[in-house]
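S.K.: Structure for the following, please:
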Amino acid sequence: MIGIIVTVYSNYPEQLFDSCSKSDIPVRWYIFFHGTNDELENRLQDFSRGKTNVIYLPYKKNRGLSKSWNDGLRLSEGYGDEFTLIINDDLSFRENGFSQFIEYIRTLPYGYGIATVMGQESENSPASGQVIPQELACCVIGKAALDVIGYFDQNFTPAYFEDTDYMTRIRRAGLSIEIDQRILVDHDRSKTLRTDSTAKKIVQNAFGLNEAYYRAKWGGGGGGPEFQTPFNNPDLSLYISYEDADNPYPNTLKYSGNTNYNHGEMDLIGRELNTDKSSKVHGFLDHYDYLFSSRRDDISSILEVGVGSGSSLRLWEKYFPNAKIAAIDNNYNTLKFSSDRSEIFISDQSDIMRITNFLRQKEEFNIIIDDGSHVWGDQITFFKTAFPYLSRGGFFIIENIDTSYEKYVESFSKGSQLSMRDYLFQLTDIISGDGAINNFSVFDEFAISYARAIESIEFVRRGCIIRRK
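M.R.: Next up is the predicted model:
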């Protein structure tokens, strides 16, 4: 019996099922349903009903590819399958392709890491029309791989880089990657992301976090991996057991979500001071550490809206040794957090006239942070008001723009029809369109005056970082 693991989110893998059923090779399916569509769930139930060779696991939530792949490998091992394939739900075999691939795998001796196949990418694929190795989109995890490097790192969730990490570990372990050079499959790659906007948002949000974790784990910056062992620590093994896959590196700090990696100094300080900006809650500080670690001595002035418990003021004082901090809050009790380096001005974020008068008394700021009410109108109006007081090359940070989405809309829209996220997208159009855009009538006076003074807009998890030219 050949085990096949397939994870389904929003598309019924009919072509995959049909292409494998044409072979007389017995298979056992391990189907993990990560979606919420009732009609799709019913179709998968119909496929599995009465079949002893189908293990159907309807989790109805996106629990992460790596977790379901690990569970599938474990189940397949327990059932005693000859070997186990991992196959994407948007892939299918060509005529006799499944049988040919299985025959190829049976010729391989023990010792390979994975065995994969060449496949034709569909016209809708990001690799449109190309013939490329499918790697983890269609592969067999060799028994040697499970013996030497073990299972997938479940810190990569819900998708992206779990496959890259596994391939890196295979190469570091000296295991071979075997490729059947025949074109045996067709791959409509990224079909779920093209057809399901919710899934697209989820995985796009995860991309940056997973990439950051991968870079921290293997080094290399924008290039290939540099480290020979995880986190460049010779005491850390390439092997990840099934039991430890959810947290394979317990001595590293835990990033918000389900991501572990070695954090920067700013996050360590933030955790010590118990600010919610740290990896304990929001996970903003590693982004900031990346931006400011090389220029921390040059930062002389910071403005932040929202004082709260005062922990972020202490953070800025400790991390930026030469910075003076101005803070705005509507609670008089926060005045007790003032210091010789941190000044607190009492004002509601929506009182723009009062804030403007305050800003006029100040020199330009190198960093401005909005961690205030998170109400749409307040975020947009404060951005327009304070951006002119940002120095050239400075950074304007807006935290918690997740209030622009779904479950937070009712609480934070407060009658506004335009969210902070939507307003930033308008500015992004001006920046990316640049000289191609001549008609500014659809934008406001701020956009006309300042949009082209913006160097870049970077979206991070729950936040946005805007850099001035």
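S.K.: quick check: longest strand of the chain.
M.R.: strand 176-187 (DSSP state E).
S.K.: so how far is that one from its chain's centroid?
M.R.: Put simply, strand 176-187 sits 28 Å off its chain's centre (CA atoms, centre = their mean, to the nearest Å).
S.K.: following it, which helix or strand comes up?
M.R.: With elements assigned by DSSP states H and E, the helix or strand that comes after strand 176-187 is helix 191-195.
S.K.: Tell me which other helices or strands that next one touches.
M.R.: Under the contact criterion of 3 or more CB pairs under 8 Å, 6 or more residues apart in numbering; DSSP states H and E, helix 191-195 touches helix 197-218. Placement of C-beta: from N, CA and C, glycine included.
S.K.: that older thread, strands paired with the longest strand of the chain, and their directions?
M.R.: strand 91-93 (antiparallel), strand 112-121 (parallel) (DSSP bridges).
S.K.: Quick check, pLDDT for the closest residue to residue 265 other than its chain neighbours.
M.R.: Once flanking residues are discounted, residue 265 sits nearest to residue 289: 6.4 Å by CB to CB, 6 or more residues apart in numbering. Looking at residue 289, its pLDDT reads 85.
S.K.: quick one, which of the strands paired with strand 176-187 is nearest to residue 80?
M.R.: Proximity to residue 80 (CB to CB) singles out strand 112-121 among the strands paired with strand 176-187, at 19.4 Å.
S.K.: Can you give me the buried ones in the closest one?
M.R.: Applying a neighbour-count criterion of 16 or more other CB atoms under 10 Å, the buried positions in strand 112-121 are 112, 113, 114, 115, 116, 117, 118, 119, 120, 121.
S.K.: what about that strand, distance to the chain center?
M.R.: On CA atoms, centre = their mean, the centre of strand 112-121 falls 26 Å from the chain's centre.
S.K.: returning to that earlier point: only the C-alpha atoms, please, for the longest strand of the chain, written as CSV.
M.R.: Presented in CSV, the C-alpha positions along strand 176-187 are these (Å, rounded to 0.1, in the frame of the first residue of the first chain):
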residue,chain,number,x,y,z
SER,A,176,20.3,13.0,-2.1
ILE,A,177,17.4,14.6,-3.9
GLU,A,178,16.2,12.3,-6.6
ILE,A,179,14.3,13.6,-9.6
ASP,A,180,12.3,11.6,-12.1
GLN,A,181,13.2,13.6,-15.2
ARG,A,182,10.0,12.5,-17.1
ILE,A,183,7.2,15.1,-17.1
LEU,A,184,4.6,13.1,-15.3
VAL,A,185,2.4,15.8,-13.6
ASP,A,186,0.5,19.0,-14.3
HIS,A,187,0.5,21.6,-11.5
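S.K.: tell me which residues in it are buried?
M.R.: 176, 177, 178, 179, 180, 184, 185, 186, 187.
S.K.: Would you reformat the strands paired with strand 176-187 as CSV and include distance to residue 362 and mean pLDDT?
M.R.: Converted to CSV, those look like this (distance: least, CB to CB, whole Å; pLDDT from 0 to 100):
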stretch, distance to residue 362, mean pLDDT
strand 91-93, 58, 96
strand 112-121, 55, 96
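S.K.: Which element, helix or strand, includes the residue nearest to residue 265?
M.R.: helix 285-292.
S.K.: Show me what that helix packs onto, helices and strands only.
M.R.: Using 3+ CB pairs under 8 Å, 6+ apart as the test, helix 285-292 ends up in contact with helix 265-273, strand 463-468.
S.K.: Redo the buried residues of strand 176-187 as TSV? Include distance to residue 43 and pLDDT.
M.R.: Below are the buried residues of strand 176-187 laid out as TSV (distance: CB to CB, whole Å; pLDDT from 0 to 100):
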residue	distance to residue 43	pLDDT
176	38	97
177	34	97
178	34	97
179	33	97
180	30	97
184	26	96
185	22	96
186	21	94
187	21	93
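S.K.: any idea which of those is closest to residue 318?
M.R.: residue 177 (46.6 Å).
S.K.: Show the contacting residues for that closest one.
M.R.: Counting by CB atoms under 8 Å, 6 or more residues apart in numbering, residue 177 makes contact with 112, 113, 114, 116, 135, 167, 170, 171.
S.K.: now, which of these sits nearest residue 279?
M.R.: So of those, ranked by how close each gets to residue 279 (CB to CB), first place is residue 167, at 26.6 Å.
S.K.: I would like the residues contacting stretch 346-364, please.
M.R.: 301, 303, 305, 326, 328-332, 334-335, 345, 372-373, 375, 377-378, 381-382, 385-386, 389-391, 394.
S.K.: among the residues you listed, which are in helices?
M.R.: Among these, DSSP state H puts 377, 378, 381, 382, 385, 386 in helices.
S.K.: which of the residues you listed are buried?
M.R.: Here, 16+ other CB under 10 Å leaves 377, 378, 381, 382, 385, 386 buried among the ones in helices among the contacts of stretch 346-364.
S.K.: need those residues in JSON lines with distance to residue 457, can you?
M.R.: Putting those into JSON lines (distance: CB to CB, whole Å) gives the following:
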{"residue": "377", "distance to residue 457": "20"}
{"residue": "378", "distance to residue 457": "19"}
{"residue": "381", "distance to residue 457": "18"}
{"residue": "382", "distance to residue 457": "16"}
{"residue": "385", "distance to residue 457": "18"}
{"residue": "386", "distance to residue 457": "16"}
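S.K.: Export those residues as a markdown table, with columns for distance to residue 127 and pLDDT.
M.R.: Output for those, formatted as a markdown table (distance: CB to CB, whole Å; pLDDT from 0 to 100):
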| residue | distance to residue 127 | pLDDT |
| --- | --- | --- |
| 377 | 43 | 92 |
| 378 | 44 | 92 |
| 381 | 44 | 92 |
| 382 | 43 | 94 |
| 385 | 45 | 93 |
| 386 | 43 | 94 |
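S.K.: hang on, the earlier thing: among the contacts of stretch 346-364, the buried ones, what's the ChimeraX command?
M.R.: Buried members of these, identified by 16+ other CB under 10 Å, are gathered into one ChimeraX selection as follows:
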select :301,303,305,326,328,329,330,334,345,372,373,375,377,378,381,382,385,386,389,390,394
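S.K.: returning to that earlier point: closest to residue 38 out of the strands paired with strand 176-187?
M.R.: So among the strands paired with strand 176-187, strand 91-93 is nearest, using CB to CB, at 24.7 Å.
S.K.: which regions of this structure sit below the pLDDT cut-off?
M.R.: Along the chain, the model assigns pLDDT under 70 to residues 198-205, 221-223, 251-263, 435-443.
S.K.: which residue is nearest the middle of it?
M.R.: residue 206 (1.5 Å; CA atoms, centre = their mean).
S.K.: Surely residue 19 is in contact with residue 96?
M.R.: No - applying CB atoms under 8 Å, one finds residue 19 not in contact with residue 96, separated by 9.6 Å.
S.K.: Neighbour count: the two, which is higher?
M.R.: More neighbours surround residue 19 than the other of residue 19 and residue 96, with 22 against 13 (other CB atoms under 10 Å).
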